[in-house]
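Enquirer: here are the coordinates; sequence isn't available:
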C-alpha cells in the first residue's frame, strides 16, 4: 500500500523523531512510504486565528503537494482534522472543490489508519513503564478518533496504562491561544500537569505534538519527573 | 390593541430570513428520529408504578400505595406524619368516587382545619392555603420516568394548593400512569386540535421544590413545598 | 445594566477571575457536578445522540418559520385574554413594561429568574420609575442585594460562597443564623413569601412558548416562577423572540433536553405552562396578562451563518464543560451571557467594539459543541467571529497581521518553507540552553512566560528522509 506522509510543521522542525518512528511503523506493516517534498503547513495557525484568506494559500499548497497520493497519513489528529475541513472551506470554489474533498477523504491520523484501514491493533511493540494518555481535543472531537490509540496502547507489552483524571479537558494549547492568552493557558496547563503528576505515571503520551509541547514544557518548567512522549515512540519500541 | 407592533416586527423577521412573510401553510416536518416514544415502550401499568417508585427516591418524595378502600387511611396517616393541622384540598369531581368528600368533612372532628377550594370565596382560598400545612390534589396524568404529576388547574383546583403549603400530597390513580411527558403532551396537543379548551395553567410537578444556588448544595424545599408524598391508588 | 457588565478591559477581568480562588474552587466543583449529572442523564436515556438530533431539527424548523409561529403564538395568547407586545429593541420592551406597571400604580414587583430581562436591563428601568423590584430566585435575590451581575445562566450566584451569602443576609436583612445552606434557604423562603403575597405585578422570563396554544412555559426547581405567576393580579412574561416551539409535542422534547443538559434531572421540580389570563371563576393566576416578545438584535442573526446560535435553549451545558470558563469565571466575559455561548452571542447582539476579545477566549477544544443539546457548532462560530474581526472589522493587532502575512508566504512557498525549517535551530540558538528555551524572543515570549519551549530537532525530518532515500539509512 502506498502512503504519503504528512509530517506536520511541528514534527518536521521540533520533533523529527516522530516522523522517523511513523515511517518505520508504517513500513513494518507493508506500506511504501513517500514524502511529498512540497508539503508545508495545514494552515491551522492562521485559520484558527481568523486569517482564513491567508490560511487558504497554505492549504492550496498542501492540496497540490498531495494531489497524487493514494493515502495521506500523519502523526497528528489536529492537523488531519484541518485537512478534513478543507472540503467545507473550498466547497464553493470550483477550482479546488474536488481536490479538497479528495484530500479530506484520503487523509488519516496514524493510529486511525493503523486500526481502521490496516486493521492492526497490535503493532508488536514492547515498552516498559507506566503511562497515562492525553486524549487531544481535535483528535477526539473534530476527527472522532477516540478508541484507536487506546486499542494500540493496550497491546504494547510491558506497558501499564493509568487513567488521567479530567482527561476530557483541554491542556490549554489551542495553537495561537497559548501565546495570545498566556495567563488563561497557564492555568489550564497547570491543572493538566497536576492531574498528570497525580497519576504517578512516568510518561504522558499523546498523539498531537502541539499538546505535548505545551504539557511537556510545563512539566519541564516545574521540574516534574514525568516525560511527555508522542505515541509513535511507544509504538515503535521493541 | 391586544397585539401591538406585530406587523413591522414579523415583516422584519421574514426579510432577515430572506423570503416573503409566512402566515399559513407551514406544517411540522417529519422528524428523522423520535426517541421519546421508545422510553418504557410496552410497559404495563404495574411496571410503570415500579418505575415511579424508583424515581421517587431520586426526587426526595415519599411513595405510598393504597387500594380504593385504604386510601383515606393512607391519606390520614400522611397528614399526621407531616404534622398537618390545616389541610387544603382541590374540589375534584373524583372526590366522591374515592370516598374523600366524607373523609374531608370528618377531618374537622379530628381537630384538623380543612378547606375545600371554593372559587366563590375568592382570595380567602389563597389565604387558607398559605397557612395550611398540607395541600392535596389528584394527579391528572402521571409520568413514570420523571416521577411527575400533571395538574390541569381549574376553578376547583387552584394553583396555590400544590404550591403554598409545606407538604404536598398527590393522589395518583393507577390509571393515570404513562411512561413519560410525551404521552401527556400528546393528549394536550390532541385536545387542542379538537378545539377542547386546555387549562389556563398546566403544572408538571416533580417532588418538592429545591435549589442548588448556594455552593451547589442541594436544598430540598425552597419556595414551594418542602415535602411531597405520592399515593398511588389501585383504581383498575 | 444591560448585556454588557463592567467596563474593565478583558485582560484585567481575566486576571481578576484567575486570582479569585474561591470562585475558581466553586466553579470547578460545580462543573464536576454538572458534568457528571448531564452524562448520567444522557446515559440513562441511552440514545442521547438521537435526542440531540431531534432537538436540532426542532430548533432549526422553528427558526426557519419564526414569523409564522410568532404570529400563531400571539393570536393564541390574545384569544386567551392576554396582551402581546412585540418589542424591536430593549428600550421598547422596557418602555412598554414600565407603562403597564405605572398604569397599575404598582409599588412592588416580584420577578423570577430571566436572562432576557438581565439583557435588556429591565430592573433599572422599573426602579427608576419608582417601583420596588424583588428578584425571587434564590441566587438572583442574593445578587440583587449585592448589586452583583450573574456569572452563570443557570446558577447565577455560583461565584459566591455561603459565608459571603450569610454576610449579605445579615447586613441587608438582619439575618442572625448560621451559614448552613438549609438555614439560609429557610430564611429566604420566609422573607420572600411576604413579597409574593404583597406584590402587585409578577414578571417572568420564558423558557418556551407553545405557538399552537399560547402556553408560556417556565422550567424551575425552586417554585418561585409558580408563585410569581399564581399570586399577583398582573403578570408580564418577557421572552426572547426565538424561545418558542410549534406544538406541545416539541415542548416535551425541548424541556427534556433542557433539564437533562442543564442539571441532569429528568424534569425539574416544576414545569409550568400558563396560557393568557386566568379563566372565569379561577381564584389564582393573573387577571391581566402581558407577553412581551423581544428582538433586541436577534433578527440580525437570522439568515446569517450564525443563525444556529439562536437555537440556544440556555441550558449552560457549554459553560459547564468549558475549560476556559473553569479558570476565569463568568464575570470575565463582561456579558450577562458568559462561556462559549456568551462568546458567540454577545458580539452578535451587542457588536464587536466592546466584545472583540470574547471569540479568542477559547482553545477551540470543541467541548462546548460536543455538549450542546441542540448541536450548535459553537467552536466553529468562534472561528467565524475571528475571521470577521480580522478580515472584515480589521480589528486584529498590526504585529499579528504582519506575522500572518509571513505565514501565508511561508506556507505557500515550499522552498522558503524548507529553508526556514532548516534554519530554525540555528535561529533559536542564542536563547537555547541544554536543549531548552526558557525565555524566548518575540511571539515566543507568551509561550516561555509560562512553560519551556524545546529546542528544534538537530536534523529536520525532511532532511533525514532525503538522506535515507539516498540509501544512507540512519
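Expert: Alright, I've got the coordinates. What you see is a predicted model, and the numbers here were worked out from it, not measured in a lab.

Enquirer: could you measure from the closest residue to residue A:226 other than its chain neighbours over to chain B?
Expert: Residue nearest to residue A:226 in three dimensions, not counting chain neighbours: residue A:219, with 5.3 Å by Cβ to Cβ, 6 or more residues apart in numbering or on different chains. (Each C-beta comes from the backbone N, C-alpha and C, glycine too.) Separation of residue A:219 from chain B (Cβ to the nearest Cβ, to the nearest Å): 32 Å.

Enquirer: how about the secondary structure of residue A:219?
Expert: helix (DSSP: H, G, I helix; E, B strand; the rest coil).

Enquirer: wait, doesn't it sit right on residue A:227?
Expert: Yes: counting by Cβ atoms under 8 Å, residue A:219 touches residue A:227, with 7.4 Å between them.

Enquirer: the closest residue to residue C:331 other than its chain neighbours sits in which helix or strand?
Expert: Closest residue to residue C:331 apart from its sequence neighbours, by Cβ to Cβ, 6+ apart: residue C:151 at 5.3 Å. Following DSSP states H and E, one finds residue C:151 outside all helices and strands.

Enquirer: hang on, isn't residue A:4 packed against residue A:70?
Expert: Yes: counting by Cβ under 8 Å, residue A:4 touches residue A:70, with 7.5 Å between them.

Enquirer: more neighbours: those two, which one.
Expert: residue A:4 (21 against 12; other Cβ atoms under 10 Å in any protein chain shown).

Enquirer: make sure the more buried one is indeed in a helix.
Expert: No: per three-state DSSP, residue A:4 lies outside any helix segment and is strand.

Enquirer: OK, contacts around the residue lying closest to it once chain neighbours are set aside?
Expert: In this structure, residue A:4 finds its nearest non-sequential neighbour in residue A:69, 3.7 Å apart by Cβ to Cβ, 6+ apart. Contact analysis of residue A:69 by Cβ atoms under 8 Å, 6 or more residues apart in numbering or on different chains lists A:2-4, A:34, A:36, A:106.

Enquirer: what's the farthest-apart pair in the residues you listed?
Expert: Within these, A:34 and A:106 form the most distant pair, 13.7 Å apart (Cβ to Cβ).

Enquirer: which neighbouring elements make contact with the lengthiest helix in chain A?
Expert: When chain A is parsed with DSSP state H, its longest helix is helix A:182-199. When contacts are defined as 3 or more Cβ pairs under 8 Å, 6 or more residues apart in numbering or on different chains; DSSP states H and E, helix A:182-199 packs onto strand A:126-134, helix A:177-180, helix A:209-221, helix C:10-19, helix C:323-328.

Enquirer: hey, which of those is tucked in deepest?
Expert: Comparing these by mean neighbour count (mean count of other Cβ atoms under 10 Å in any protein chain shown), helix C:323-328 comes out on top with a mean of 27.

Enquirer: what is the neighbour count of residue A:146?
Expert: By the criterion of other Cβ under 10 Å, residue A:146 has 12 neighbours.

Enquirer: what about it, which SS state?
Expert: Classified using three-state DSSP, residue A:146 is coil.

Enquirer: look up the closest residue to it, ignoring the ones flanking it.
Expert: Per Cβ to Cβ, 6+ apart, closest to residue A:146 is residue A:140, 5.0 Å.

Enquirer: which helix or which strand is home to the closest residue to residue A:138 other than its chain neighbours?
Expert: Leaving aside its sequence neighbours, residue A:138 sits nearest to residue A:78 (Cβ to Cβ, 6+ apart; 3.8 Å). In this assignment (DSSP H and E), residue A:78 forms part of helix A:77-89.

Enquirer: how does chain C divide into domains?
Expert: C:20-300, C:398-469 (automatic domain parsing).

Enquirer: do chain A as well
Expert: Taken from automatic domain parsing, chain A resolves into A:2-116, A:121-235.

Enquirer: got the ones you listed as a markdown table, with mean pLDDT columns?
Expert: Below are these laid out as a markdown table (pLDDT from 0 to 100):
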| stretch | mean pLDDT |
| --- | --- |
| domain A:2-116 | 97 |
| domain A:121-235 | 97 |
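
Enquirer: spit out the residues that contact residue A:219 and residue A:227 alike.
Expert: Common neighbours of residue A:219 and residue A:227 (Cβ under 8 Å, 6+ apart) are residue A:204.

Enquirer: tell me where the model's unsure across the stretch 101-250 of chain C.
Expert: Scanning the stretch 101-250 of chain C for pLDDT under 70 picks out nothing.

Enquirer: what about residue B:30, distance to residue C:199?
Expert: 45 Å (Cβ to Cβ, to the nearest Å).

Enquirer: and what of residue B:78?
Expert: Taking Cβ to Cβ, one finds residue B:78 at 32 Å from residue C:199.

Enquirer: so between these two, which is more surrounded?
Expert: residue C:199 (25 against 21).

Enquirer: next, the distance between the ends of stretch A:146-160.
Expert: Using Cα to Cα, to the nearest Å, one end of stretch A:146-160 lies 19 Å from the other.

Enquirer: hang on, the earlier thing: which residues does the residue nearest to residue A:226 contact?
Expert: A:193, A:196, A:204, A:226-228.

Enquirer: farthest pair in these?
Expert: Top of the distance list for these (Cβ to Cβ): A:193 and A:227, 12.0 Å.

Enquirer: ignoring the adjacent residues along the chain, who's closest to residue B:107?
Expert: residue B:114 (4.3 Å).

Enquirer: test my guess that that neighbour contacts residue B:87.
Expert: Yes: between residue B:114 and residue B:87 there is a contact under Cβ under 8 Å: 5.1 Å.

Enquirer: overlap in contacts, those two.
Expert: With Cβ under 8 Å, 6+ apart, residue B:114 and residue B:87 have common neighbours B:104, B:107.

Enquirer: comparing the two, which residue is more hemmed in?
Expert: Between residue B:114 and residue B:87, counted using other Cβ under 10 Å, residue B:87 has the larger neighbour count: 25 against 21.

Enquirer: okay, that one and residue B:76: tell me how far apart.
Expert: For residue B:87 relative to residue B:76 (Cβ to Cβ), the value is 10 Å.

Enquirer: over to residue A:200?
Expert: 60 Å.

Enquirer: which one of those two has more residues nearby?
Expert: residue B:76 (16 against 10).

Enquirer: what strand or helix carries the more buried one?
Expert: helix B:71-81.

Enquirer: what's next to that helix, contact-wise?
Expert: Against helix B:71-81 from outside (Cβ under 8 Å, 6+ apart): B:62, B:64, B:66, B:84, B:87, B:98-100, B:103, B:107, B:112, B:134, B:136, B:169, B:171, B:229, B:231, B:233.

Enquirer: tell me which of those residues fall in strands.
Expert: B:62, B:64, B:66, B:87, B:134, B:136, B:169, B:171, B:229, B:231, B:233 (DSSP state E).

Enquirer: quick check, nearest of those residues to residue C:383?
Expert: residue B:62 (51.8 Å).

Enquirer: burial check on residue 108, number of neighbours?
Expert: Just going to use chain A. Residue A:108 has 26 nearby residues by other Cβ under 10 Å.

Enquirer: you answered for a different chain; I wanted chain C.
Expert: Using other Cβ under 10 Å, residue C:108 is surrounded by 15 other residues.

Enquirer: look up which helix or strand residue C:291 falls in, please.
Expert: strand C:288-294.

Enquirer: just residue C:39 next, same as before
Expert: Secondary structure (DSSP H and E) places residue C:39 in helix C:21-45.

Enquirer: after that helix, next one along is what?
Expert: helix C:48-64.

Enquirer: is chain B within reach of the following helix or strand past that following helix?
Expert: Tracing the chain past helix C:48-64, the next element assigned as helix or strand by DSSP H and E is helix C:66-79. Yes: under the criterion of Cβ under 8 Å from any Cβ of the partner chain, helix C:66-79 makes contact with chain B via C:66-71, C:74-75, C:78.
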